[in-house]
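> everything below, folded, please.
(chains A, B, C and D)
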Protein chains: 4
Amino acid sequence: MTSPLILVNLKTYRESTGNRAHMIAQAAEIVSRESGVTIGIAPTFIDLHPLCHHFDIPVYAQHVDGCDPGANTGHITVEAIKTAGAAGSLVNHSECRLTLADIEASVRGLRDHKLISVICSNNESTSAGAAALAPDYVAIEPPELIGSGVSVSKANPEIIRRSVAAVRAVSPSVKVLTGAGIQSGECVRIAVDLGTDGVLLASSVVKSKEPAAVLRDLVSKL
Amino acid sequence: MTSPLILVNLKTYRESTGNRAHMIAQAAEIVSRESGVTIGIAPTFIDLHPLCHHFDIPVYAQHVDGCDPGANTGHITVEAIKTAGAAGSLVNHSECRLTLADIEASVRGLRDHKLISVICSNNESTSAGAAALAPDYVAIEPPELIGSGVSVSKANPEIIRRSVAAVRAVSPSVKVLTGAGIQSGECVRIAVDLGTDGVLLASSVVKSKEPAAVLRDLVSKL
Amino acid sequence: MTSPLILVNLKTYRESTGNRAHMIAQAAEIVSRESGVTIGIAPTFIDLHPLCHHFDIPVYAQHVDGCDPGANTGHITVEAIKTAGAAGSLVNHSECRLTLADIEASVRGLRDHKLISVICSNNESTSAGAAALAPDYVAIEPPELIGSGVSVSKANPEIIRRSVAAVRAVSPSVKVLTGAGIQSGECVRIAVDLGTDGVLLASSVVKSKEPAAVLRDLVSKL
Amino acid sequence: MTSPLILVNLKTYRESTGNRAHMIAQAAEIVSRESGVTIGIAPTFIDLHPLCHHFDIPVYAQHVDGCDPGANTGHITVEAIKTAGAAGSLVNHSECRLTLADIEASVRGLRDHKLISVICSNNESTSAGAAALAPDYVAIEPPELIGSGVSVSKANPEIIRRSVAAVRAVSPSVKVLTGAGIQSGECVRIAVDLGTDGVLLASSVVKSKEPAAVLRDLVSKL
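All right, here's what the predicted structure looks like:
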């Protein structure tokens, strides 16, 4: 059985770009070694290569385009993030929504390059739709709880339970992450008990003055 | 067993708006009565109500938004098309792509109002993703063949066969339409033989000087 | 000198679609006749033709695409709204934002068909940018005040004053509408005194049980 | 008088990412030193920091978002490209179109951070609209000529001439670049003679086996 994945989305917060991204990555690496739990981070495109270079933890892009290399100004190709050393990418985050055709192209590109794909979804039905595209992970994030400080694990365990069932019905091999409002080891424990394979979170780690302490708490009940 | 559906997308061609939409609708109604085959049309929003009012054939919107009535300038709500008399709507046509979240909201809105949803998809994988959203139909239109004059039935039957299988694997109750390049009764026959429940087409009917003749040919081998 | 324009955006509120759109249109026509002030309405695409047909007041589309008739499923062409009888169209409303290239194409299409264009803008600088595209009107709507119940005339007259100056600097012939939070004759009076040529508003008329009374108040100080 | 700017958009071509971006940057730096002409490059986000770090030529982002640092997964903030060492950014490239509101926010963000903004436009009218947003440069690229191998300087000098006039009428301080199909010193010479302040180009440098030779030719008639 795989260890759960704690995936920290660094977004574009001032507290998590440049030097501070390095500090959070370092905290993640330390806590991951201590605990044996896989902790990944998803920095900005600009921080992607340096973090891949300096740390052993898996580093994810926050978004990737499914287009081939070519005349695609402003886009991020799968080849580019692979060359940078990324382990995979978020796809269709609620702050970066894509068309169905583009999600599929990104996931296919990631698969073709042997990178991990994490499609973000907003409810039970889109979780099933995402699962049908055969990504590695579907991360369920009820939009109303993102950044709310209210954990989906506690506020709406039913949506997690139903989404896991919906994903499993489409494809038993697709793993599920619980997102939105995750902030403590208890949230992570509930998420795993609900049948998911880890969590996707951001502000509770990024905004903390002691990311290592938050990360230690997050893995404490696994 | 349901009769196959011939769904004619009128797009915004000059040959298929205003009075000419009425002429095509009339041809569709006549041929439908003669043959017993269901022929639907999808006119512009502006032609939607008058066509629903004057004809007995099913009339579809070309697009619908999943948002509720409210502060949504320029949008088309499900309530609006239902009030206009629509039987359903295309969703995510290749010329009007939506995010996964928006596709799901549109399909859910249509279902809640007991209207028929037809999600357009571009390949096998997105057909499966669309099927997971539980629409009434998935219409597979390989983008490279749309408006090409080359029928997907003949050029790429494998994509149809595989898409049907992919849709069935996700949900046996979702019906499939074959789109892109459909132009003759033979194309329709092949589409049905490949396991689909009808066709979605546009230019071969719209651009014809005798839409009734084309429609008669389309239903001739059913 | 032209009379100011009171332009009522009906959006997709339940209170302003179908029969209720007709009631508001009728109120607008009556108050316009009584007062001599031009009152226009912008209904949904589906209500556009019937309202143009039944009323003498100018009827605007809420959005229009700059594309030519053709393979543009789900789009609204300028030809379509002209055939329906529209006087013009809103373009780039905050709830229906367009790219710069698409705004220009829509405005050009409206001009080519001798229809009135109203580009919505969000601040002084985009008002100047919109004016450079040579529309008939630029409607300034600070996003934070839309639907707020707080009138931009009172809350932020400076943004109106500066936007008028910015528009005039680019093109003296482009007229300006004041939008966001307009709800009374006093708001309209201030808007006109600030140098604008009328107002764009929605909820205060649409949500009222007596639209005619609100409209009478709106024109009362002109 | 400023020297003209030769701005090379590296897009996401395989020939211009990673190590190959370094090779083109080096060629640009050498030819710039030889000739005294400013040559800038616009690499992918991932190559941005390393190229800024290793070369003295101005390095531009291909796109930047106007949003503040924060919860904006997958976005690129102005702060991020400034920290990376960028001189400025392209905005609204034809392969990465933005809404008017977003273009304005990006340009304002760049100005606030003392970075150079280059808004891409597609015709005379959008060039004027772009100029009204007070960027440093407007780069006119008729879409039908991008990547065509046909130089706008030769194929359509009138669009350049009229766009320069339109930009000047709105703001004399905004500089203009000629884009689309630029491939030789003669194209650059014509572009400058038409009153523009340089060129924006991509494939003729990127696809060449000897970028330095192409760059030498490009600056040869200045």
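
> chain A against chain B: which residues are in contact?
Applying C-beta under 8 Å from any C-beta of the partner chain, we find that chain A lies next to chain B at A:92, A:94, A:97-104, A:108, A:121-123, A:125-126, A:128-134, A:166, A:170. Backbone N, C-alpha and C define where each C-beta goes, glycine included.

> quick one, what contacts A:A71?
Applying C-beta atoms under 8 Å, 6 or more residues apart in numbering or on different chains to A:A71 gives the contacts D:K11, D:T12, D:Y13, D:E95, D:I146, D:G147, D:A202, D:S203.

> which residue comes closest to the third one once chain neighbours are left out?
Think D:Y13. Take D:Y13 and drop its neighbours on the chain: the residue closest to it by C-beta to C-beta, 6 or more residues apart in numbering or on different chains is D:V206, 5.1 Å away.

> test my guess that that neighbour contacts D:V8.
Yes - the pair formed by D:V206 and D:V8 meets the contact definition of C-beta atoms under 8 Å, at 7.3 Å.

> got a list of contacts for the helix of greatest length in chain A?
The longest helix of chain A (DSSP state H) is helix A:19-35. Contacts with helix A:19-35, where a contact means C-beta under 8 Å, 6+ apart, come from A:8, A:10, A:14, A:16, A:37-41, A:43-44, A:47, A:50-51, A:54-57, A:59, A:205-206, A:211-212, A:215-216, A:219, A:222.

> which residues touch the lowest-mean-pLDDT helix or strand in chain A?
Using mean pLDDT, DSSP states H and E, helix A:152-155 stands out as the lowest-scoring helix or strand of chain A, at a mean of 77. Outside helix A:152-155, the residues that touch it by C-beta under 8 Å, 6+ apart are A:140-142, A:145, A:159-160, A:178-182, A:186-188, A:190-191, A:194.

> which ones are touching A:E104?
A:E104 neighbours (C-beta under 8 Å, 6+ apart): A:G66, A:L133, B:N122, B:N123, B:S125, B:T126, B:G129.

> what separates it from chain C, distance-wise?
Taking C-beta to the nearest C-beta, to the nearest Å as the measure, A:E104 and chain C are separated by 20 Å.

> for the residue sitting furthest away from the middle of chain A, what are phi and psi?
No residue in chain A has its C-alpha farther from the mean C-alpha position than A:A71, which lies at 28.5 Å (C-alpha atoms, centre = their mean). Taking degrees, to the nearest 10, you get phi -90, psi 70 for the backbone angles of A:A71.

> ok, A:D47 next?
The phi/psi pair for A:D47 (degrees, to the nearest 10) reads phi -90, psi -10.

> hang on, it packs against A:G18?
Yes - in this structure A:D47 lies within contact range of A:G18 using C-beta under 8 Å: 6.9 Å.

> ok, these two, which is more surrounded?
A:D47 (29 against 18; other C-beta atoms under 10 Å in any protein chain shown).

> check contacts around A:A61.
Contacts of A:A61 were listed using C-beta under 8 Å, 6+ apart, and they are A:A42, A:F45, A:L48, A:I76, A:I81, A:A86, A:G88, A:S89, A:L90.

> may I have the beta-bridge partners of the nearest residue to the fifth one once chain neighbours are set aside?
Nearest non-adjacent residue to A:I81, counting by C-beta to C-beta, 6+ apart: A:A61, 4.5 Å away. Per DSSP bridges, the residues bridged to A:A61 are A:S89.

> and A:A61, what's its pLDDT?
At A:A61 the predicted local confidence, pLDDT, stands at 98.

> same question for A:T2.
So A:T2 comes in at 61 (pLDDT).

> still on that earlier bit, and the least confident helix or strand of chain A, which residues are buried?
A:V152, A:S153 (16 or more other C-beta atoms under 10 Å in any protein chain shown).

> which parts of whichever helix or strand comes after it are buried?
Once helix A:152-155 ends, the next helix or strand along the chain (criterion: DSSP states H and E) is helix A:157-170. Residues A:P157, A:I159, A:I160, A:R162, A:S163, A:V164, A:A166, A:V167, A:V170 are the ones in helix A:157-170 that count as buried (16+ other C-beta under 10 Å).

> now chain A, which segments are flagged as low pLDDT?
Counting by pLDDT under 70, chain A has low-confidence residues at A:1-2.

> is A:L177 in a helix, a strand, or coil?
The local conformation at A:L177, judged by DSSP: H, G, I helix; E, B strand; the rest coil, is strand.

> so it sits against A:V8, correct?
No - taking C-beta under 8 Å as the definition, A:L177 is not a contact partner of A:V8, at 11.7 Å.

> who's more crowded, these two?
Neighbour tally, A:L177 and A:V8, criterion other C-beta under 10 Å: the higher count belongs to A:V8, 30 against 26.

> now the phi/psi pair for the more buried one, please.
Main-chain dihedrals, A:V8, degrees, to the nearest 10: phi -100, psi 110.

> so A:V107 sits in a strand?
No - the assignment for A:V107 (three-state DSSP) gives helix, which keeps it out of a strand.

> need the contact list for it.
For A:V107, the contacting residues are A:G66, A:V91, A:S117, A:I119, A:L133, A:A134, A:P135, by C-beta under 8 Å, 6+ apart.

> ok, A:G149 next?
By C-beta under 8 Å, 6+ apart, the contact list for A:G149 reads A:G181, A:Q183, A:S203.

> stretch A:163-179 and chain D, are they touching?
No - applying C-beta under 8 Å from any C-beta, one finds that stretch A:163-179 is not in contact with chain D, the shortest distance being 11.3 Å.
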